[in-house]
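model this:
(chains A and B)
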Amino acid sequence: MERIPILRMGEYLLVTIQVDMHDQLAVQLQDDLTQAIARSRAKGVLIDISALEVVDSFIGRMIADTAGMARILDAHAVLVGMQPAVAITLVELGLSLPGVATALNVERGMALLRASLQGDGAR
Amino acid sequence: MAAQEKLAPLLGRHRDKILKQWQRELAALPGRARLSPEDTRRQADEFSAAFMSALASGAGADIATEDWKAVRTFLEQLSKERVLAGFSSDETATFIFSLKRALFEAVSGESRRSAEQVALDLWAITELLDRLGLHTVKAYQRSREEVINRQQAEMLELSTPVVKLWDGILALPLIGTLDSARTQVVMESLLQKIVETESQVAIIDITGVPTVDTLVAQHLLKTVTALRLMGADCIVSGVRPQIAQTIVHLGVDLQAVITKANLADALALALRKTGVTLAA
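Numbers count the residues shown, from 1 in each chain, chains lettered A, B, ... in the order given. Down below sits the predicted model:
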């Protein structure tokens, strides 16, 4: 079965969704990602959805849920590279993903992760 | 045989008289000043030629058939011309209706006909002219709508300029009323521009928006949310006192949106957000 790879970069995990998501794949990713966060004790997760062009309410909710789960597992989640069409669709579906950090691209997302980790360390 | 078909020989006999009478009627119509007498005559001639040949080819009262095609096309063209010349719909329709009197006189002037026959003929004429008149009005309206649609499309194109104020800062000065269609265009072009320029902050300036109702506020919120989802910040500027009052009275929650009094303040904040410092 196809899977979405989860790459480890230091204390961050990098997930790049390169294929069109279907429901099974999203469930599998959620499962894999939570396992990986727990195993690697990652402090940040970066989910790159710049190649994702189609979303439905289920995928939208899965993305939001996954970010929430990462948060509970003590990892900051940042969603990067959302396409305009996807953003409009999610808004029309009423999924504004509150509480999920977003960034324009991977670079900015990384900067955001570092900044929020520093904020954590200062506390 | 359709009642209309019997009209052909009758009208053919009185053709010149009818035309003359009709010209007189046309010349007395309101709005005639905008048309030269030659134009009026030419249009009357063209119409009567098409009308007679349709009748002669055995066309019935149903003007949607192929037999009436020439007449319909002529009327549509006429309506279009009159829309552009600034005629009202009734002024356009009376072009057809003014023919009634001339035709009625021609029919009732036939001495050899029984009253019953005359009544039948009159009914046939009325039925036909009413339909042609309605078709004219319909064509007139369609032409008007085309004009309005074209203007709307042009306005839509004109009205959504996304300007780059600084590296990473885009501004969208909105002018005029926001409706669903326009917000959609605004939202799409802004989001697209954000991707293209990798901008971090977008400023939506609503100084030129006359009124904000719940719908407009809803649209604004949607745009702001979509921007946030893409990872950009959004500042709304130029909220006027009346608009602030309306928004609060309407109970719209704009807490999630950063608002600034004017574009200058918004730009200052955006510069701070992107880490630019200005030396005096």
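
for the residue nearest to A:Ala36 when sequence neighbours are not counted, give its distance to chain B.
In space, not counting the residues next to it along the chain, A:Ala36 is nearest to A:Ile6; the distance is 4.8 Å by CB to CB, 6 or more residues apart in numbering or on different chains. (Glycine included, C-beta is placed from N, CA and C.) Remark: distance between A:Ile6 and chain B (CB to the nearest CB, to the nearest Å) = 21 Å.

quick one: contacts for A:Ile6?
A:13-15, A:32-33, A:36 (CB atoms under 8 Å, 6 or more residues apart in numbering or on different chains).

okay, it: pLDDT?
A:Ile6 is assigned a pLDDT of 92 by the prediction.

so where's chain A uncertain?
Applying pLDDT under 70 to chain A flags residues A:1, A:121-123.

need the residues of it near chain B, please.
A:79-84, A:86-88, A:90-92, A:96-97, A:102-105, A:108-109 (CB under 8 Å from any CB of the partner chain).

contact partners for B:Ser143?
B:Ser143 neighbours (CB under 8 Å, 6+ apart): B:76, B:79-80, B:83-84.

got a quick PyMOL command for the buried subset of those residues?
Command for PyMOL, covering only those of the contacts of B:Ser143 found buried under the criterion 16 or more other CB atoms under 10 Å in any protein chain shown:
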select buried, chain B and resi 76+79+80+83
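
need the max-distance pair from the contacts of B:Ser143.
B:Glu76 and B:Leu84 (13.0 Å; CB to CB).

count the neighbours of the residue of chain B found nearest chain A for me.
The minimum distance from chain B to chain A, using CB to the nearest CB, falls at B:Leu191 (3.4 Å). The local packing of B:Leu191 (other CB atoms under 10 Å in any protein chain shown) involves 25 other residues.

for it, give me its contacts.
A:84, A:87-88, B:226-227, B:230.

could you rerun that using 6 Å?
Residues near B:Leu191 by CB atoms under 6 Å, 6 or more residues apart in numbering or on different chains: A:Pro84.

and what of B:Gly168?
B:Gly168 neighbours (CB under 6 Å, 6+ apart): B:199-200, B:274.

need phi/psi at it.
Note on B:Gly168: its backbone torsions stand at phi 80, psi 0 [degrees, to the nearest 10].

run a quick neighbour tally on B:Leu165.
17.

so where does it fall, helix or strand?
strand B:163-166 (DSSP states H and E).
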